[in-house]
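Asker: model this:
(one chain, ligands or ions: 1)
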Amino acid sequence: MDCTQTIRARRSIRKFKPGASIPRPDVEAMLEAAMMAPSARNLRPWEFFVVENPELKARLRAAHPFASMLDTASLAIVVCGRPEDQKGAVEGYWPLDCGAAIENLLLQAVALGYGACWCGCWPSPRISKLQELLNTQSVPAALIAVGVPDEAPEARGFYQAGKVTWLA
Ligand SMILES: Cc1cc2nc3c(=O)[nH]c(=O)nc-3n(C[C@H](O)[C@H](O)[C@H](O)COP(=O)(O)O)c2cc1C
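Answerer: Down below sits the predicted model:
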């Protein structure tokens, strides 16, 4: 699957094959793709928590009102921002950097045959509960459910000419 196909095939997956496991090299490929994202001044102000432990996964699910797909997901990856990594440099850019990393991760998941769903954390009140569960001061930007898809929502186009201004 090339880049054009991968981008157009990606959908949020909310139903996974229960009990499927994902080999560690595949998870590492997703993390590597995330870490290859561009970041302001290349400060890479992120950190990743890979949650395979079923008990902790269930607690994350309970802490997030829109992450019920975690029930069947193989694992969760929490992408966290580290605002302090940008102190005195390009402060405030970390959510954008994390967003780029998250999208890379989602696309790599698709290219490897997995499905994923981005569950938003930042900016929301659920951040502090997630920080407590992960025992971190880093700021959860997104909780990503990853697994083997058990649904295949149709690819769809979103090109909207009205959202584009051509300044030729
Ligand atoms: C910042 C952000 C937060 C999101 N949060 C959730 C969420 O909490 N739960 C969920 O099921 N989907 C969540 N989504 C997925 C969107 O609902 C989804 O991307 C959108 O409906 C378009 O569908 P598609 O991803 O299949 O193209 C989120 C997406 C983004 C970018």
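
Asker: C-alpha from now on. contacts and neighbour counts both.
Answerer: Fine.

Asker: and residue 11, how far is that from residue 27?
Answerer: Computed as C-alpha to C-alpha, to the nearest Å, the residue 11 to residue 27 distance reads 19 Å.

Asker: try residue 95
Answerer: Using C-alpha to C-alpha, residue 95 is found at 22 Å from residue 27.

Asker: the more surrounded of the two?
Answerer: residue 95 (22 against 19; other C-alpha atoms under 10 Å).

Asker: what sits against that one?
Answerer: By C-alpha atoms under 8 Å, 6 or more residues apart in numbering, the contact set of residue 95 is 81, 122, 141.

Asker: the second one against residue 131, yeah?
Answerer: No. In this structure, residue 122 sits apart from residue 131 without contact. The criterion is C-alpha atoms under 8 Å, and the distance is 11.6 Å.

Asker: joint contacts of the two?
Answerer: Counting by C-alpha under 8 Å, 6+ apart, the contacts common to residue 122 and residue 131 are 139, 140.

Asker: got the residues of this structure near the ligand?
Answerer: 11, 12, 66, 67, 118, 119, 120 (C-alpha under 6 Å from any ligand atom).

Asker: give me the subset of those that lies in strands.
Answerer: 118, 119, 120 (DSSP state E).

Asker: neighbours around the first one, how many?
Answerer: By the criterion of other C-alpha under 10 Å, residue 118 has 22 neighbours.

Asker: repeat that for the last one.
Answerer: Here the count is done by other C-alpha under 10 Å, and residue 120 has 17 residues near it.
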